[in-house]
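Participant: quick check, what structure comes out for this input:
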Amino acid sequence: MAVQLSNRPDTFRQFALRRASELKQKIVPYLQKCKTIPTGFTSIEAYQLRRATILSYFSATLEDWENWHWQMHNRITDAHVLSNLLPGLTSEQCQEIERVGKTFRWALSPYYLSLINDTDPFDPIRLQGLPTQAELVDDFGEEDPMGEAITSPAPCITRRYPDRLIINVTNMCAMYCRHCQRRRNIGETDTHQERTQLKAALDYIRANPEIRDVLVTGGDALLLGDLTLDWLLGELHAIPHVEIKRLGTRTPVTLPMRITDQLCSILAKYPPIYINTQFNHPKEVTEDAKKAADKLVAAGVILGNQAVLLKGINHQPEVMKKLNQELLKIRIRPYYIFHAKNVKGTRHFVPRIQDGLAVMEHLRGYTSGLAIPTYIINAPKGGGKTPISPQYLMSLDENKAILRTWEGKLIQYETP
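Facilitator: The predicted structure follows:
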């Protein structure tokens, strides 16, 4: 029912003040909760201490730390080394990591390791980076729930949509996320696709003029060398019907040192380029990540984030809202929230769909639209992205719609 107000300015102001007070009360619970949610910017001191420990262990310098090749060369892949760098780990936990690692490969860049709070077994960085026994007791998931093997019409290509496709260029990552959808491709060694395979993928794109959008991913697309990236982006840029080049990379999260001036000069040559990355928790939004984002933005790259909804890491509405707000501060637009896929060994990360809907309910109206991504469930076997949202349209006929607002109020909207 519409609010009846007398046509007097003082009445309007009184109503507005009451409404402002009501809105303020709605945000108070979040403001209290978010004080307990750590971010990369509030954890700087702990990060610097852990960085010093890692540098001391490797007899390295801060200059080494900023070199992405050094970071990759010194990825931690051994539980004994890990125990020296994370003294809070128990011998039982180290044995567990070794045991799981025999089935599912793991590795962490020194940078990402420095974000871990080793005294907290539920630390969101630790849960994403270190193997746990839960990976071995999962008999629910599939190795290829996305059906990528049956949606590959040419080498390196995955195609699920009419006008766009994926080129998978490498299996290499700076760290191997425990929830990874392509863990079947990791193997025991890091390999880039052969140039002949990439040329075959490019030939397929040239032969199909309806393809206007190409996503280069992996693994991590930015772990290709600069020369290969320059060549591949140049080839795509020269195809008249390819309007957009996208790069899938987690390096701004796990290896921000990869975003070098030389890399940015390459990216600047081939606009428009979009980069979609994957920040999953506010602790990952650090000063180093901001520096990487600043460089990419200066090179003309458009940045988006594709978070994965992960149980125990970010499925709480307050955490996801804080993450999205922190991302906007470093000029990365929240784009998607992916429901975690049913990948073999990752069942313990998969939340309920109800959890995702609760997240969306606590975003719409409670934060700016810029901080509200689309919640997506990937249909099995290559069926594509399916958007999921809370129900706001309650009924619709030729003359009117009944809508539910973000506050849960039902309103009638006339449609002539």
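Participant: report the central residue of this structure.
Facilitator: Gln278 (1.7 Å; CA atoms, centre = their mean).
Participant: that one contacts Leu309, doesn't it?
Facilitator: No - judged on CB atoms under 8 Å, Gln278 makes no contact with Leu309 at a distance of 11.6 Å. In this view, the C-beta of every residue, glycine as well, is placed from N, C-alpha and C.
Participant: shared neighbours, the two?
Facilitator: Among the neighbours of Gln278, none is also in contact with Leu309 (CB atoms under 8 Å, 6 or more residues apart in numbering).
Participant: hang on, the earlier thing: show the contacting residues for the residue nearest to the centre of the chain.
Facilitator: Gln278 is in contact with 250, 253, 305-308, counting by CB under 8 Å, 6+ apart.
Participant: which stretches in the protein count as strands?
Facilitator: Chain-ordered strands for the chain, with DSSP state E as the definition, fall at 157-158, 164-168, 213-217, 244-248, 273-277, 302-309, 333-339, 374-379, 384-387, 393-396, 400-404, 410-414.
Participant: could you say what helices and strands the longest one packs with?
Facilitator: Just to be clear, that refers to strand 302-309. On a contact count with 3 or more CB pairs under 8 Å, 6 or more residues apart in numbering; DSSP states H and E, strand 302-309 meets strand 273-277, helix 287-298, helix 317-329, strand 333-339, helix 353-361.
Participant: average pLDDT for that strand?
Facilitator: Strand 302-309 comes out with an average pLDDT of 98.
Participant: now it and strand 273-277, what's the angle there?
Facilitator: Using axes from the mean of the first three to the mean of the last three CA atoms, to 10 degrees, the inter-axis angle of strand 302-309 relative to strand 273-277 is 20 degrees.
Participant: quick check: buried residues in strand 302-309?
Facilitator: Judged by neighbour count using 16 or more other CB atoms under 10 Å, the buried positions of strand 302-309 are 302-309.
Participant: from those, pick the one nearest Arg75.
Facilitator: Proximity of the buried residues of strand 302-309 to Arg75, judged by CB to CB, is greatest for Val308, which lies at 21.5 Å.
Participant: number of nearby residues for the residue lying closest to Arg51 once chain neighbours are set aside?
Facilitator: On the basis of CB to CB, 6 or more residues apart in numbering, the spatially nearest residue to Arg51 that is not a chain neighbour turns out to be Ser114, at 4.7 Å. For Ser114, the tally of surrounding residues (other CB atoms under 10 Å) stands at 23.
Participant: what bridges to Ser395?
Facilitator: Applying DSSP bridges to Ser395 yields these beta-bridge partners: Ile402.
Participant: what about it, neighbour count?
Facilitator: Burial of Ser395 is recorded as 10 neighbouring residues (other CB under 10 Å).
Participant: coming back round to it: with distance to Lys291 as extra columns, can I get the buried residues of strand 302-309 in JSON lines?
Facilitator: Below are those laid out as JSON lines (distance: CB to CB, whole Å):
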{"residue": "Ile302", "distance to Lys291": "18"}
{"residue": "Leu303", "distance to Lys291": "13"}
{"residue": "Gly304", "distance to Lys291": "18"}
{"residue": "Asn305", "distance to Lys291": "17"}
{"residue": "Gln306", "distance to Lys291": "21"}
{"residue": "Ala307", "distance to Lys291": "21"}
{"residue": "Val308", "distance to Lys291": "24"}
{"residue": "Leu309", "distance to Lys291": "27"}
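Participant: out of those residues, which comes closest to Ile186?
Facilitator: Of all these, Ile186 sits closest to Val308, with 16.7 Å by CB to CB.
Participant: could you report the distance from the spatially closest residue to that closest one that is not a sequence neighbour to Gly383?
Facilitator: In space, Val308 comes closest to Phe338 once its chain neighbours are excluded; the distance is 4.9 Å by CB to CB, 6+ apart. Counting by CB to CB, to the nearest Å, the separation of Phe338 from Gly383 is 14 Å.
Participant: helices of the stretch 101-250 of the chain, start to end?
Facilitator: Applying DSSP state H, counting those that start in this stretch to the stretch 101-250 of the chain gives helices spanning 110-113, 124-129, 195-206, 226-237.
Participant: run a quick neighbour tally on the closest residue to Trp65 other than its chain neighbours.
Facilitator: In space, and not counting its chain neighbours, Trp65 is closest to Leu55: 6.3 Å by CB to CB, 6+ apart. By the other CB under 10 Å criterion, the neighbourhood of Leu55 contains 16 residues.
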